[in-house]
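In: Provided below for reference: sequence and predicted model.
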Amino acid sequence: MTTSITDKEFALFQRFIFDAAGITLSESKKALVSSRLSKRLDERRLSSFADYFKVLSSGQDAQEVQVAIDLLTTNETYFFRESKHFELLREQAEQARGRSTPFKVWSAACSTGEETYSIAMVLAATLQYAPFEVLGSDISSRVLDRARTGHYPVSRATHIPRAYLQQFCLRGTQDQEGTILVDRPLRERVRFMLINLNTTLPRIGPFDVIFLRNVMIYFSADTKRQVAERALSVLKPGGYLLIGHAETLNELNVNAIAVAPSIYRKPG
């Protein structure tokens with residue numbers, strides 16, 4: 001049975017996800033919150049969203065807090081989204097060919113991993129046997145578990161260049177028909193980590209390129225600035241920060257130079 005959420009209860013979860021992840025939920029998300037969390041009320045045999053909020057705020061069930069974060073963070077992505085970013089990545093990798101240190105890229109807010117594997121395909125094809133490292137991170141442990149499998153419906157493969165599809169992906173047969181699997185050698189060159197962009201970053205980087213796309217659109221201006229500053233702190237001087245086309249850093253007063261729409265470079 002679906003329990004309806006009151007305005008007061010919705011306000012509690014607006015505060016919860018803002019404090020946990022810096023995400024601002026508009027009033028239009030009330031139905032989404034109700035539908036996604038109602039299953040947890042059933043699982044926990046709770047009669048109201050207020051009772052569920054008490055569980056989350058008790059400080060005694062960190063696992064349930066992670067479950068709630070997973071349910072409330074929207075994850076939408078696909079392979080090779082925004083092709084100009086991957087053209088820039090390829091150019092930067094070509095310039096780094098022959099150097100002894102690994103070319104490092106961070107796919108922040110990577111969701112189920114399509115962006116992360118897209119980056120790895122470009123680097124593997126461009127750098128070949130030269131060293132590179134790709135880190136994918138997200139606040140949701142659920143999507144990271146899916147990302148690690150590298151297993152996707154074939155409908156997600158529409159934007160993967162044919163050469164990459166043949167080189168880096170296996171097409172499912174029999175009971176796996178209609179799916180693709182990123183091949184093991186490429187999966188082994190990618191690592192995934194649970195990272196909350198709204199808190200102090202773990203020891204990662206420094207990176208040549210950071211993809212921080214389509215996540216800051218959910219943040220307040222102050223949170224955007226803090227997240228951008230954290231990302232820039234682990235970006236190499238001269239490195240590139242890529243954001244979504246609906247986003248901008250122009251009014252945040254951060255140490256980044258606009259190169260093109262959604263593309264910024266750290267001075268140095």
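Out: Yep, it's here.
In: Which residue ranges make up the domains of the protein?
Out: Taking automatic domain parsing as the criterion, the chain consists of the domains 7-72, 83-265.
In: quick one, strands of this structure?
Out: 103-107, 132-138, 151-153, 169-171, 179-182, 190-194, 207-211, 235-242, 257-260, 263-265 (DSSP state E).
In: Which residue ranges of the protein form helices?
Out: Taking DSSP state H as the criterion, the chain carries its helices at 7-21, 30-44, 49-57, 62-72, 83-96, 114-127, 141-149, 162-168, 184-187, 221-233.
In: hang on, the earlier thing: how about CSV for the domains of the chain, with mean neighbour count added?
Out: No exception for glycine: its C-beta is placed from N, CA and C like everyone else's. Listed next are the domains of the chain as CSV, based on neighbours: other C-beta atoms under 10 Å:
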stretch, mean neighbour count
domain 7-72, 16
domain 83-265, 18
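In: ok, of those, where does mean pLDDT dip lowest?
Out: Lowest mean pLDDT within those: domain 7-72, at a mean of 90.
In: Off-centre distance for that one?
Out: Mean-position distance between domain 7-72 and its chain equals 21 Å (C-alpha atoms, centre = their mean, to the nearest Å).
In: ok, now stretch 258-265?
Out: 19 Å.
In: Over to stretch 95-113?
Out: Using C-alpha atoms, centre = their mean, the offset of stretch 95-113 from its chain centre is 15 Å.
In: Quote the end-to-end distance of it.
Out: Start-to-end span of stretch 95-113 (C-alpha to C-alpha, to the nearest Å) is 26 Å.
In: how much space between the residue at the greatest distance from the centre of the chain and Arg230?
Out: Within the chain, Ser47 marks the point farthest from the mean C-alpha position, 33.2 Å out by C-alpha atoms, centre = their mean. As judged by C-beta to C-beta, to the nearest Å, Ser47 and Arg230 stand 40 Å apart.
In: now Gln176
Out: Taking C-beta to C-beta, one finds Gln176 at 39 Å from Arg230.
In: can you check Glu64 too?
Out: Distance from Glu64 to Arg230, by C-beta to C-beta: 27 Å.
In: For the nearest residue to Met216 once chain neighbours are set aside, which residues are in contact?
Out: Once flanking residues are discounted, Met216 sits nearest to Lys224: 4.7 Å by C-beta to C-beta, 6 or more residues apart in numbering. Applying C-beta atoms under 8 Å, 6 or more residues apart in numbering, we find Lys224 in contact with Met216, Leu249, Leu252.
In: If we use 10 Å, what do you get?
Out: Taking C-beta atoms under 10 Å, 6 or more residues apart in numbering, we find Lys224 in contact with Gly22, Val215, Met216, Ile217, Tyr218, Ile243, Glu247, Thr248, Leu249, Glu251, Leu252, Val254.
In: looking at it, the fourth one is touching Ile243, isn't it?
Out: If I follow you right, that is Ile217. Yes - Ile217 is within contact range of Ile243, at 9.1 Å (criterion: C-beta atoms under 10 Å).
In: Would you mind confirming that Ala50 makes contact with Leu37?
Out: No - counting by C-beta under 10 Å, Ala50 stays clear of Leu37, with 11.5 Å between them.
In: Give the residues shared as contacts by the two.
Out: Jointly contacting Ala50 and Leu37 under the rule C-beta under 10 Å, 6+ apart are Ile5, Glu9.
In: nearest residue to the most centrally placed residue in the chain other than its sequence neighbours?
Out: Centroid-nearest residue in the chain: Ala109, 1.6 Å away (criterion: C-alpha atoms, centre = their mean). The shortest distance from Ala109 to any non-neighbouring residue, by C-beta to C-beta, 6+ apart, is to Val215 (3.9 Å).
In: got the contact list for the one you found?
Out: Residues in contact with Val215, defined by C-beta under 10 Å, 6+ apart, are 21-23, 73-74, 108-111, 138-139, 197, 224, 227, 243-244, 247.
In: Could you rerun that using 8 Å?
Out: Neighbour list for Val215: Ala108, Ala109, Leu197, Val227, Gly244 [criterion: C-beta under 8 Å, 6+ apart].
In: got the contact list for Gly150?
Out: Gly150 touches Gly113, Tyr117, Leu181, Val182, Leu186, Arg187, counting by C-beta under 8 Å, 6+ apart.
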